[in-house]
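In: okay, sequence plus prediction incoming.
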Amino acid sequence: MINQASQKSTVQKPHKKSSVSQALQSFLKNHVNDINDGDVSFSVVQNEQEKDECLQLAYIEYLKKGYVEKDNYKAMETIYDKTGNSIIFKAEYQQKIIGTVTINWDSALGLPLDNVFPEAKSLFERGVGEIAEVTRLAIAKGPFNSKNIISGLFNSVTLDLIKGSVYKYLVIEVNPRHQFFYKKKMQFKPLIDSRPCQRVSGAPAVLLSLSYSDCLYAYLNCNEDASLNKSLYVNFKMDPRIIKEIQDCKKNATQELIQGDIR
């Protein structure tokens, strides 16, 4: 982790907004139905090469914000990736990965949020798969619709919650200036107030949560419930391909863990 007070010359914090910040803010200005699917496709990362491309993209975008050290993109890989306790989603445009987001599943390893929000341990039953944490969201700059990328990635993330898992809550650490998006467009609820997060060089973060029941309700009622008319759920689809990819990924991860225990 980088402490900007002690690493004065290592990281320079830029003033430009990230692609994620620009996309989230654009949702608040325009109706979500303006999203155009275009030529962007979404899927679960299937191999090491795709995972490496996602890590590089996250590294490049985080470096722009001064959140990581230069020439150290491998540090983006976490123990959750190495132990089969995560699933990585990707967005592709013309055979190039332009967006990514990761879900880490709770286990004996804990979750990234534990270092910043230790009191969250008392809010859920831990180590039994009751919660999962959304992390490492990154979008590249380019000629594509960044709103579409955000929508597609979170379509995949929420499908993991309602169709691919047994956990009951998704949690996410976000910059306070982005929480309005997650609350209004995604139905997340506040859990813990803002505090510095050292994983992003001390930038502020709040902890939000999305329950299985709220997410499923939004999927099923977004066209009838007026309070959901401008949420992202109006664009979400119960995509059977992505659901199968999620289920296959978890089945493979479970088999690898069992084989590791046997060895």
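Out: Structure's in. What do you need?
In: for the stretch 51-200 of the chain, which segments count as helices?
Out: For the stretch 51-200 of the chain, the helices defined by DSSP state H, counting those that start in this stretch cover 79-82, 146-163, 179-186.
In: so which elements touch the longest one?
Out: On a contact count with 3 or more Cβ pairs under 8 Å, 6 or more residues apart in numbering; DSSP states H and E, helix 146-163 meets helix 19-29, strand 40-44, strand 86-93, strand 96-105, strand 131-139, strand 169-174, helix 212-221, helix 240-262. Placement of C-beta: from N, CA and C, glycine included.
In: swap in the last one?
Out: With contacts defined as 3+ Cβ pairs under 8 Å, 6+ apart, the secondary structure elements packing on helix 179-186 are helix 19-29, strand 189-197, strand 203-211.
In: so it versus helix 212-221, what angle?
Out: 50 degrees (axes from the mean of the first three to the mean of the last three Cα atoms, to 10 degrees).
In: give me the buried positions along helix 179-186.
Out: For helix 179-186, the buried set under the neighbour-count rule, 16 or more other Cβ atoms under 10 Å, comprises 179, 181-182, 185-186.
In: before we move on, back to that, buried deepest among the helices and strands packed on helix 179-186, which one?
Out: strand 203-211 (a mean of 20; mean count of other Cβ atoms under 10 Å).
In: tell me how far S165 lies from Q46.
Out: 19 Å (Cβ to Cβ, to the nearest Å).
In: so those two - more neighbours on which side?
Out: Using other Cβ atoms under 10 Å, the more surrounded residue of S165 and Q46 is S165, with 19 against 14.
In: model confidence for that one, exactly?
Out: S165 is assigned a predicted lDDT (pLDDT) of 81.
In: repeat for V20
Out: You'll see V20 listed with a pLDDT of 78.
In: and what of the one 5 residues further on?
Out: Q25 carries a pLDDT value of 70.
In: from K141, how far off is it?
Out: Applying Cβ to Cβ to Q25 and K141 gives a distance of 15 Å.
In: what do you get for I87?
Out: 25 Å.
In: do L113 as well
Out: Taking Cβ to Cβ, one finds L113 at 28 Å from K141.
In: more neighbours, the two?
Out: L113 (24 against 14).
In: is S43 bridged to anything, and to what?
Out: Beta-bridge partners recorded for S43 (DSSP bridges): K90.
In: got a list of what it touches?
Out: Taking Cβ atoms under 8 Å, 6 or more residues apart in numbering, we find S43 in contact with 89-90, 92, 156, 241-242, 245.
In: hmm, 7 Å instead?
Out: Contacts for S43 (Cβ atoms under 7 Å, 6 or more residues apart in numbering) come out as 90, 242, 245.
In: and the gap between it and S156?
Out: 8 Å.
In: returning to what we had before: for the helices and strands packed on helix 179-186, which one sits closest to G66?
Out: In terms of Cβ to Cβ, the element of those nearest to G66 is strand 203-211, at 8.7 Å.
In: mind listing what that closest one pairs with, with the direction of each?
Out: strand 169-174 (antiparallel), strand 189-197 (antiparallel).
In: can you list contacts of that strand?
Out: Under Cβ under 7 Å, 6+ apart, the answer for strand 203-211 is 113, 116-117, 120, 168-176, 179, 182, 186-197.
In: now do that strand: distance to the chain's middle.
Out: 12 Å (Cα atoms, centre = their mean, to the nearest Å).
In: kindly report the same for stretch 157-170.
Out: Taking Cα atoms, centre = their mean, one finds the center of stretch 157-170 at 13 Å from the center of the full chain.
In: how about it: buried residues?
Out: In stretch 157-170, counting by 16+ other Cβ under 10 Å, buried: 157-165, 167-170.
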